[in-house]
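**Student:** this one's structure only:
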């Protein structure tokens with residue numbers, strides 16, 4: 001930077017050296033011209049040497065001027081600014097692309113939320129329709145049960161009445177005491193014993209008598225039929241009503257549970273979408289801030305770059321020219337003078353260079369010359385001579401002239417070149433998940449695809465082409481045949497079926513059934529904790545895999561407070577015997593007497609579910625006397 005703030009090269013290039021180099025350039029040029037004139041040929045050492053030296057000096061001058069330009073501090077600053085502007089433009093493009101991605105992601109989150117809510121509402125509609133069908137079937141079963149029990153009582157009434165009508169005490173037309181005694185002797189004592197088959201074997205009773213007896217028996221049966229009860233006993237009617245009332249209540253509870261679960265799922269979907277929107281908005285806001293800063297930085301860089309508009313190679317050449325010709329003449333005149341001289345020298349040197357190169361090339365072309373070369377040829381001769389004498393002695397004489405021949409042998413030596421292969425090993429990194437801070441970060445992790453869902457806490461995962469059974473750690477879901485177990489299984493399917501999951505080990509590799517013990521994550525959902533928080537599984541500690549026990553217990557307390565899932569069926573009352581909790585009787589479970597601590601508890605459950613001496617519910621009344629589990633204290 002000069003005193004006037006403009007571009008300067010003082011201290012960077014030696015002007016005296018440039019001047020000397022230009023003078024040397026002219027001297028070399030004229031030396032080449034003189035050499036070609038003296039020797040009347042361009043192919044002489046003086047001309048060729050001057051040609052080479054000319055171009056060497058010319059290249060040195062160009063390098064010095066160019067180097068002085070790029071060594072200037074202002075040129076370096078301008079180049080740094082250009083690089084900064086390129087980096088800034090690249091960052092602006094990348095940031096704008098990320099902003100567009102946020103817009104696309106926002107639309108996708110909204111669409112996924114609407115789709116997930118619609119799917120859950122359709123599922124709720126199907127389940128409610130199933131419950132309505134169950135109610136219709138329950139009403140039908142109620143009517144059939146009433147009819148069946150009333151039929152049994154009426155049949156027993158008629159049968160008992162026929163047994164109480166004694167033949168000996170009844171007035172039967174055509175039958176006196178003697179004939180009645182004969183009937184008694186054959187085992188016919190009451191009207192119940194009379195039938196066509198039984199009276200055929202009675203001696204002395206013909207067809208007329210038999211018909212009279214059958215008519216009497218039918219008349220008595222008709223009389224009893226007219227007197228049979230038209231309604232069930234109040235006790236039995238109350239038991240049946242209580243049983244079916246419990247069934248209806250259970251269906252109502254299932255409907256309430258399903259509606260509550262549907263509401264929870266929809267709220268969870270909305271909560272997840274809201275969280276994703278919030279994160280997306282935060283990312284977008286950060287990107288907008290970054291983009292604003294980059295645009296401000298771009299404006300500053302453009303303003304700074306404008307300060308270096310005069311820093312060009314053309315201006316550099318002008319300054320060099322001013323220094324080389326320090327006269328008062330106009331800059332344009334200086335440029336014309338120096339430029340014309342250089343062009344004249346270059347053109348002349350090009351003519352000399354062309355002619356010199358042409359002459360050198362012609363001299364290098366070989367000329368055909370007839371040459372006589374003596375050639376000596378060695379011939380191998382092998383002449384066998386055989387001489388026959390009377391003594392039958394063969395004396396062969398051999399004369400050999402050997403010839404030595406050198407035969408070159410080409411041997412190929414293989415070269416072993418090592419090949420370096422870079423192998424990329426993927427590293428699984430846990431993303432931020434809901435309530436997943438307890439998951440170990442230094443244990444084995446695997447990625448797989450869920451092929452089947454067995455129940456609420458067991459799945460089948462394909463890892464590397466091999467299928468494994470995986471048991472969720474820290475929780476225990478209800479069995480799949482239970483209502484809550486079915487809900488747990490369905491929710492588990494919705495979460496992980498046919499999806500890619502991350503499996504995280506705690507301490508143990510497998511359980512006694514050779515199932516992998518893992519924490520399961522899909523997306524940002526911690527599946528073990530999620531099912532426990534929905535009340536579709538209970539927290540269950542199985543040492544040594546206890547890293548997330550505190551979190552599971554907290555999730556279970558949440559479900560218990562909100563009475564969702566399995567906890568919606570629990571009537572929480574203190575149990576003085578065990579110090580824990582007992583549940584109200586669930587009529588959908590097939591109990592054994594061993595499930596009750598006392599006969600009173602078993603009897604209460606038996607009565608609650610419609611059991612009686614006519615209906616042995618759950619097999620608790622083996623002797624059918626209306627008392628359940630009489631062996632219990």
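**Tutor:** Okay, I see it. All values derive from a computational prediction rather than experimental measurement.
**Student:** what sits against residue 455?
**Tutor:** Residue 455 makes contact with 477, 479-480, 485, 488-489, 492, according to Cβ atoms under 8 Å, 6 or more residues apart in numbering. For every residue, glycine as well, the C-beta is placed using N, CA and C.
**Student:** Can you tell me which member of the residues you listed has the lowest pLDDT score?
**Tutor:** Least confident of the contacts of residue 455 in the model: residue 480, at 67.
**Student:** hey, which helix or strand in the protein has the poorest pLDDT?
**Tutor:** strand 581-582 (a mean of 33; mean pLDDT, DSSP states H and E).
**Student:** what distance separates the next helix or strand after that one from the centre of its chain?
**Tutor:** Per DSSP states H and E, the first helix or strand lying C-terminal to strand 581-582 is helix 599-608. Relative to its parent chain, helix 599-608 has a centroid offset of 51 Å by Cα atoms, centre = their mean, to the nearest Å.
**Student:** Which residues does helix 599-608 contact?
**Tutor:** Under Cβ under 8 Å, 6+ apart, the answer for helix 599-608 is 239, 242, 246, 585, 587, 591, 593, 596, 617-618, 620-621, 627-633.
**Student:** Same question for it: list its buried residues.
**Tutor:** By neighbour count on 16 or more other Cβ atoms under 10 Å, the buried set for helix 599-608 is 599, 601-603, 605-608.
**Student:** do the same with stretch 232-248
**Tutor:** By neighbour count, with 16+ other Cβ under 10 Å as the criterion, the buried positions of stretch 232-248 are 232, 236, 239-240, 243-244, 246-247.
**Student:** As TSV, those with pLDDT, distance to residue 566 and secondary structure would be great.
**Tutor:** Below are the buried residues of stretch 232-248 laid out as TSV (pLDDT from 0 to 100; distance: Cβ to Cβ, whole Å; DSSP: H, G, I helix; E, B strand; the rest coil):
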residue	pLDDT	distance to residue 566	secondary structure
232	90	36	coil
236	89	34	helix
239	91	29	helix
240	92	29	helix
243	92	23	helix
244	91	24	helix
246	93	19	helix
247	92	19	helix
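**Student:** Closest one to residue 113 out of those, please.
**Tutor:** Comparing those against residue 113 with Cβ to Cβ picks out residue 247 as the nearest, at 37.6 Å.
**Student:** ok, back up a step: need the max-distance pair from the contacts of residue 455.
**Tutor:** Maximum pairwise distance in these, criterion Cβ to Cβ, is 13.2 Å, between 479 and 492.
**Student:** The two: who's more crowded?
**Tutor:** Legend: neighbour count by other Cβ atoms under 10 Å for residue 479 and residue 492, higher for residue 492 (26 against 12).
**Student:** wait, that one sits on residue 530?
**Tutor:** No: at 9.6 Å, residue 492 does not count as touching residue 530 under the criterion of Cβ atoms under 8 Å.
**Student:** ok, then the element right after the single longest helix found in the chain?
**Tutor:** The longest helix of the chain (DSSP state H) is helix 73-164. Where DSSP H and E defines the elements, the next helix or strand beyond helix 73-164 is helix 177-185.
**Student:** So for that next one, what gets flagged as buried?
**Tutor:** Buried, per 16+ other Cβ under 10 Å, within helix 177-185: 179-180, 183.
**Student:** neighbouring contacts of that helix?
**Tutor:** 167-168, 172, 175, 202-205, 209.
**Student:** Can I have the buried ones of those as a ChimeraX selection?
**Tutor:** Command for ChimeraX that selects the buried part of these, burial taken from 16+ other Cβ under 10 Å:
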select :167,172,175,202,205,209
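**Student:** between the contacts of helix 177-185, which is nearest residue 132?
**Tutor:** residue 167 (56.7 Å).
**Student:** which residues does that closest one contact?
**Tutor:** 175, 180, 183-184, 188-191, 193-194.
**Student:** just to revisit the earlier point, select, from the contacts of helix 177-185, the two members most distant in space.
**Tutor:** Taking Cβ to Cβ as the measure, the contacts of helix 177-185 span a maximum distance of 18.5 Å, between 168 and 203.
**Student:** Report pLDDT for residue 527.
**Tutor:** 96.
**Student:** Can you tell me, leaving aside adjacent residues, what's nearest to it?
**Tutor:** Leaving aside its sequence neighbours, residue 527 sits nearest to residue 520 (Cβ to Cβ, 6 or more residues apart in numbering; 4.3 Å).
**Student:** Neighbours of that neighbour, how many?
**Tutor:** By other Cβ under 10 Å, 27 other residues sit near residue 520.
**Student:** what's the spacing between it and residue 110?
**Tutor:** Remark: distance between residue 520 and residue 110 (Cβ to Cβ, to the nearest Å) = 28 Å.
**Student:** repeat for residue 447
**Tutor:** According to Cβ to Cβ, residue 447 and residue 110 sit 28 Å apart.
**Student:** Pull the residues that contact stretch 288-307.
**Tutor:** 78, 81-82, 84-85, 88-89, 91-92, 95-96, 99.
**Student:** Please indicate which of these are buried?
**Tutor:** 78, 81, 84-85, 88, 91-92, 95.
**Student:** any idea where the helices of the protein begin and end?
**Tutor:** Along the chain, counting by DSSP H, helices occupy 15-38, 45-71, 73-164, 177-185, 196-199, 207-227, 234-306, 313-324, 331-364, 483-496, 527-533, 549-562, 599-608.
**Student:** Give me the most central residue, this structure.
**Tutor:** residue 500 (2.9 Å; Cα atoms, centre = their mean).
**Student:** What count of nearby residues applies to residue 111?
**Tutor:** Other residues near residue 111 come to 10 when the count uses other Cβ under 10 Å.
**Student:** swap in residue 216?
**Tutor:** 20.
**Student:** Spit out the contact partners of the nearest residue to it once chain neighbours are set aside.
**Tutor:** Nearest residue to residue 216 in three dimensions, chain neighbours excluded: residue 172, at 4.9 Å (Cβ to Cβ, 6+ apart). The contact partners of residue 172, by Cβ under 8 Å, 6+ apart, come to 180, 212-213, 216.
**Student:** Next one, pLDDT for residue 388 please.
**Tutor:** 44.
**Student:** what does the one 10 residues further on give?
**Tutor:** Residue 398 is assigned a predicted lDDT (pLDDT) of 40.
**Student:** what comes up buried for the lengthiest strand in the chain?
**Tutor:** When the chain is parsed with DSSP state E, its longest strand is strand 445-455. By neighbour count, with 16+ other Cβ under 10 Å as the criterion, the buried positions of strand 445-455 are 445-446, 448, 450, 453, 455.
**Student:** Number of residues surrounding residue 106?
**Tutor:** By other Cβ under 10 Å, 15 other residues sit near residue 106.
**Student:** quick one: contacts for it?
**Tutor:** 277, 280-281, 284.
**Student:** from the buried residues of helix 599-608, which is closest to residue 138?
**Tutor:** When the buried residues of helix 599-608 are compared for distance to residue 138 (Cβ to Cβ), residue 608 comes out closest, at 16.4 Å.
**Student:** coming back round to it: by how many degrees do the longest helix of the chain and helix 313-324 diverge?
**Tutor:** Relative orientation of helix 73-164 versus helix 313-324 (axes from the mean of the first three to the mean of the last three Cα atoms, to 10 degrees): 160 degrees.
**Student:** Thanks again, I'm all set now.
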